[in-house]
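[1] need coordinates for the below:
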Amino acid sequence: MKPIMYLLINSLAVYISAYLLKGVHVKDFWVAVIVSIILGLFNMILKPILLFFTLPLNILTLGLFTLFINGLLVLLASVFVPGFSVDSLVWGIIFSIVMSFISSFFNWISK
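    Now for the predicted structure:
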């Protein structure tokens, strides 16, 4: 039951973040569910690989390069999911920040 709740919370965070940001567009809630699944897969598979290969740059920027990687993963998700679009890398970075805050808030509320 917990993974379904986590998926719904992340999907709601995607949907609300897209509503708040004018540079991110989500067609409907079901697209937000798919985006949540795709971003979860990307964060599980691609993100550790990207972080490993960019470790020196990440250390040099004191971890701020991770925001760039998150934005790239959001842009990559927009390529794979029809009905989800991000206007630029900057909107992808802002989307990842806003989504993480909203998701953290809802996870905190649900406990």
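
[2] residue nearest the middle of this structure, spatially speaking?
    Ser96 (4.5 Å; Cα atoms, centre = their mean).

[3] so it touches Ile69, yeah?
    No. The criterion here is Cβ atoms under 8 Å, and Ser96 misses it with Ile69 at 9.2 Å. Where you see a C-beta, it was placed from the backbone N, CA and C, and this is true even at glycine.

[4] about what we covered before: how much space between the closest residue to the residue nearest to the centre of the chain other than its chain neighbours and Lys2?
    Using Cβ to Cβ, 6 or more residues apart in numbering and skipping residues adjacent in sequence, the residue nearest Ser96 is Asn70, 3.9 Å away. Asn70 sits 24 Å away from Lys2, going by Cβ to Cβ, to the nearest Å.

[5] between those two, which has more neighbouring residues?
    Under the criterion of other Cβ atoms under 10 Å, the comparison of Asn70 against Lys2 puts Asn70 first, with 22 against 7.

[6] mind checking which helix or strand that one is in?
    Element membership of Asn70, judged by DSSP states H and E, is helix 65-80.

[7] residues contacting that helix, please?
    Helix 65-80 is contacted from outside by 35, 38-39, 42-43, 46-47, 50-51, 54, 57-58, 84-86, 89-90, 92-93, 95-97, using Cβ atoms under 8 Å, 6 or more residues apart in numbering.

[8] just the buried members of those?
    If you count burial by 16 or more other Cβ atoms under 10 Å, the buried members of the contacts of helix 65-80 come out as 35, 38-39, 42, 47, 50, 54, 58, 84-86, 92-93, 95-96.

[9] and those residues, which two are the farthest apart?
    The widest separation within the buried ones among the contacts of helix 65-80, taken as Cβ to Cβ, falls between Asn58 and Ser85 and amounts to 27.8 Å.

[10] what about the strands in the protein?
    24-26, 84-86 (DSSP state E).

[11] quick check: mean pLDDT across the first one?
    The average pLDDT within strand 24-26 is 96.
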